[in-house]
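generate coordinates for the sequence data below:
(chains A and B)
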Amino acid sequence: MRNILPIAFILAALVAIWYVAAIFMNLSLQRDLFANAGRDGASFSELAAADLNMDRPKLPAPHQIVAELNRSVLQTAPTSKRSLLYHALVTLEETLLGFVIGAALGIGLAIVIVHVGWLDRSMMPWIVASQTIPIIALAPMIVVILNQFDITGIVPKAVIAAYLSFFPVTVGVVKGLRTPDPLQMDLMRTYSASRAQTFFKLRAPACAPFFFASMKVGVAAALVGAVVAEVTKSEDGGLGARLLAGSYYGQTVQIWAALFAAAALSAALVSLIGLADAIAARRMGAAR
Amino acid sequence: MNARPLDAIAPAAIFGAGVLIAWEAVVRLLHVPVVILPAPSAILDRFVHSIPTLAADFIQTIQGALAGYAIGCGAGLLVAIAIDRSGFLQRGLLPLGNLVSALPIVGVAPIMVMWFGFDWQSKAAVVVVMTFFPMLVNAVAGLASAGAMERDLMKTYGASYSQTLFKLRLPAALPFIFNALKINTTLAMIGAIVAEFFGTPTVGMGFRISTEVGHMSIDMVWATIVVAALAGSLLFGLAAFAERRATFWHPSYRQRSDR
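Numbers count the residues shown, from 1 in each chain, chains lettered A, B, ... in the order given. Predicted coordinates for the structure are as follows:
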């Protein structure tokens, strides 16, 4: 809790910097607007005031983004396509579906890899290597391929989200399942524990911190996958579609609002997993 | 392990080759249409025949990625050193930095394209934003990693702040800094490619992928992905190689040669 003051200070500093940046980045644009309206020789304070309330600023001021969020989340019915909440829910749906599939596959594969030696030696290097390549480049293609099979709607995007969350989850869980040291494994053997018993009583509990850490990375990756997938196929809405539409029509305020919504969504999902982590740690008797 | 590196590589190589052969066989035997999945041989063929295009795309994308990588990592390191003296700023920035690393930062791509135009500068800007925070968080943690004993020793030597920084704390931070450098190679490629989905001159890997998908020439998409994968692995490999040379003293490398 002692961190609250410093965090608040940094946030306040960021907002202040943002306002200054907004005033100066929009200055020339606003000067042109005034000149077009025949208002030459406006003072700096007039310019700055108008600056922070432009329609399509280069950099919207924070209060404009808050107003846009308020308008498109609270003042618009969630069922309307103009509601940001509607688009956020589309993205959330894809992210969660993709994350569940990706995490389940990742955990399953990790369990297999830990128990089957030759799979470990043959597959693990590829899975680790896959972390170094920009797999997101595959996103547009996956959408098109699934389209050929008449799979549309949220599924292709969920597949991309699953695909992106799969690799970090696999790597993290394998690492976690490997944490018990040889001494502990030997102890289980002296107890003549079966593989299943070793797994549930030793490996799985030892994996918990790695598990939750990789879940956090995985869910964040799933959200990025969903957003990028929406950019490549934007008919069905979603935050990525809002980003793209905003960039087509120069609606900067809309882009920033969508960005903030995506950030809030990501932060919420990650902190949910953090909460589960804390609860699990407490029930496992961790001294915190 | 060191004595016979083949033992470690062979299973992975066989597995990779097996996947390629199975892929080729499935595509040929089941007559999978090219628009769904081209055979590896077709992709290779396409790759060889489109090397000029692929090279132009690669150069366009890599300059944005590298420029952004250098600026983002450099800025992250400098800011980390700057706030290092203030515990107050550190306590405020670290949780925020950790939060930011979970955010979908690629979303700033359309904004950067608006600010910096269609060319590689806007891609570099996206990469700067994406690589800055991982470097900041890691470097701050790394600078704090020098032990109290060592710091006391430096003090007894009467070392100045900059001497302590360059002779003790920066070297101690190197493993953390290299960790960020490695993570950031992937982020740089992702940032540069995704930013091209939002607008680019008619060249670049992200541009190639999105347009060739539109033309249904999936083999070209795969050829571009091969380039992206090679570039990503190469950058990561370079960072890992530099790490090995610079932090040879670190236990994770030292142990292996002892055995």
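
please name the residues that touch the closest residue to residue B:237 other than its chain neighbours.
Of all residues not flanking residue B:237 in the chain, residue A:132 sits nearest, at 7.9 Å (C-beta to C-beta, 6 or more residues apart in numbering or on different chains). Bear in mind the C-beta positions are built from the backbone N, C-alpha and C, glycine included. Listed by C-beta atoms under 8 Å, 6 or more residues apart in numbering or on different chains, the contact set of residue A:132 reads B:185, B:186, B:232, B:233, B:235, B:236, B:237.

so which of those residues are in strands?
Judged by DSSP state E, the subset of the contacts of residue A:132 located in strands is empty.

farthest-apart pair in those, please.
Greatest spatial distance among the contacts of residue A:132 (C-beta to C-beta): B:186 and B:237, at 11.9 Å.

and residue A:82, how close does it get to chain B?
19 Å (C-beta to the nearest C-beta, to the nearest Å).

distance of the closest residue to chain A within the stretch 101-250 of chain B relative to residue A:244?
With C-beta to the nearest C-beta, the shortest gap between the stretch 101-250 of chain B and chain A falls at residue B:110, namely 3.3 Å. As judged by C-beta to C-beta, to the nearest Å, residue B:110 and residue A:244 stand 7 Å apart.

what do these two both touch?
The contact lists of residue B:110 and residue A:244 share residue B:198, where a contact means C-beta under 8 Å, 6+ apart.

between the two, who's got more neighbours?
residue B:110 (27 against 22; other C-beta atoms under 10 Å in any protein chain shown).

just checking, the more buried one touches residue B:198?
Yes - contact criterion C-beta atoms under 8 Å: residue B:110 and residue B:198 qualify, at 4.8 Å.

shared neighbours of the two, anything?
A:244, A:247.

circling back to that earlier point, sort out which of the contacts of residue A:132 are buried, if you could.
B:185, B:186, B:232, B:233, B:235, B:236 (16 or more other C-beta atoms under 10 Å in any protein chain shown).

what does the stretch 151-288 of chain A have sitting close to chain B?
A:216, A:220, A:223-224, A:227-228, A:231-232, A:239-240, A:243-244, A:246-247, A:250, A:252, A:255-256, A:258-259, A:262-263, A:266-267, A:270 (C-beta under 8 Å from any C-beta of the partner chain).

okay if I get the buried ones among the contacts of residue A:132 as CSV plus distance to chain A and pLDDT?
Formatted as CSV, the buried ones among the contacts of residue A:132 follow (distance: C-beta to the nearest C-beta, whole Å; pLDDT from 0 to 100):
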residue, distance to chain A, pLDDT
B:185, 7, 90
B:186, 6, 86
B:232, 4, 88
B:233, 5, 87
B:235, 8, 90
B:236, 4, 88
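
helix or strand: which one has the nearest residue to residue B:109 once chain neighbours are set aside?
In space, and not counting its chain neighbours, residue B:109 is closest to residue B:195: 4.1 Å by C-beta to C-beta, 6+ apart. Taking DSSP states H and E as the definition, one finds residue B:195 inside helix B:170-197.

hmm, which helix or strand of chain A has the shakiest average pLDDT?
Using mean pLDDT, DSSP states H and E, helix A:44-51 stands out as the lowest-scoring helix or strand of chain A, at a mean of 74.

contacts for it?
Contacts for helix A:44-51 (C-beta under 8 Å, 6+ apart): A:22, A:23, A:26, A:27, A:30, A:31, A:33, A:34, A:42, A:57, A:61.

just checking, next helix/strand downstream of it?
helix A:62-69.

buried set for stretch A:168-183?
A:168, A:169, A:170, A:171, A:172, A:173, A:174, A:175, A:176, A:177, A:178, A:180.

quick one: buried ones out of the residues of the stretch 151-288 of chain A next to chain B?
A:216, A:220, A:223-224, A:227-228, A:231-232, A:239-240, A:243-244, A:246-247, A:252, A:255-256, A:258-259, A:262-263, A:266-267, A:270.

now, the residues you listed that are in helices?
A:216, A:220, A:223-224, A:227-228, A:231-232, A:239-240, A:243-244, A:246-247, A:252, A:255-256, A:258-259, A:262-263, A:266-267, A:270 (DSSP state H).

in the stretch 51-200 of chain B, which spans are helices?
B:51-84, B:87-100, B:109-116, B:120-143, B:148-156, B:161-164, B:170-197 (DSSP state H, counting those that start in this stretch).

which one of the ones you listed lies closest to residue A:65?
helix B:109-116 (11.9 Å).

center of chain B - which residue?
Compute the mean C-alpha point of chain B, and by C-alpha atoms, centre = their mean the closest residue is residue B:185, 1.2 Å away.

got a list of what that one touches?
A:132, B:69, B:232, B:235, B:236, B:238, B:239.

list the buried residues of the helix or strand harbouring the last one.
So that's residue B:239. Here residue B:239 sits within helix B:218-246, counting by DSSP H and E. The neighbour-count check on helix B:218-246 (16+ other C-beta under 10 Å) flags B:218-229, B:231-233, B:235-236, B:239, B:243 as buried.

then stretch A:144-162?
Under 16+ other C-beta under 10 Å, the buried positions of stretch A:144-162 are A:144, A:145, A:146, A:154, A:155, A:156, A:157, A:158, A:159, A:160, A:161, A:162.

for the stretch 1-150 of chain B, what lies in contact range of chain A?
Residues of the stretch 1-150 of chain B lying near chain A (C-beta under 8 Å from any C-beta): B:8-9, B:11-12, B:14-16, B:33, B:35-37, B:88-93, B:95-96, B:99, B:102-104, B:106-111, B:113-115.

can you say which of these are buried?
Judged by 16+ other C-beta under 10 Å, buried ones among those: B:11-12, B:15, B:37, B:89-93, B:96, B:99, B:102-104, B:106-111, B:113-114.

tell me where the model's unsure across chain A.
Regions of chain A meeting the criterion pLDDT under 70 cover residues A:1-2, A:39-42, A:286-288.

so who does the residue of the stretch 101-250 of chain B closest to chain A touch?
Contacts of residue B:110 (C-beta under 8 Å, 6+ apart): A:243, A:244, A:246, A:247, A:255, B:198, B:199.

residue B:224 now?
A:137, B:54, B:57, B:205, B:208, B:209, B:212.

same deal with residue A:234?
A:240, A:241, A:244, A:245.

now the stretch 151-288 of chain A against chain B: closest residue?
For the stretch 151-288 of chain A, C-beta to the nearest C-beta, closest residue to chain B: residue A:247, 3.3 Å.

show me the contacts for that residue.
Neighbours of residue A:247 in contact, by C-beta under 8 Å, 6+ apart: A:255, B:110, B:111, B:113, B:114, B:198, B:199.

so how far is residue A:269 from it?
Counting by C-beta to C-beta, the gap from residue A:247 to residue A:269 is 25 Å.

save the buried residues of stretch A:144-162 as a markdown table, and put in secondary structure and distance to residue B:163 too.
As requested, the buried residues of stretch A:144-162 are exported to a markdown table (DSSP: H, G, I helix; E, B strand; the rest coil; distance: C-beta to C-beta, whole Å):
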| residue | secondary structure | distance to residue B:163 |
| --- | --- | --- |
| A:144 | helix | 58 |
| A:145 | helix | 59 |
| A:146 | helix | 59 |
| A:154 | helix | 58 |
| A:155 | helix | 60 |
| A:156 | helix | 57 |
| A:157 | helix | 54 |
| A:158 | helix | 55 |
| A:159 | helix | 55 |
| A:160 | helix | 51 |
| A:161 | helix | 49 |
| A:162 | helix | 51 |
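
just those now: which is nearest residue A:8?
Nearest member of these to residue A:8, counting by C-beta to C-beta, is residue A:161, at 33.5 Å.

can you tell me how far the residue nearest to the closest one when sequence neighbours are not counted is from chain B?
For residue A:161, ignoring the flanking residues on the chain, the nearest one in space by C-beta to C-beta, 6+ apart is residue A:98 at 2.5 Å. Per C-beta to the nearest C-beta, residue A:98 is found 14 Å from chain B.

just say helix, strand or coil for residue A:98.
Three-state call for residue A:98 (DSSP: H, G, I helix; E, B strand; the rest coil): helix.
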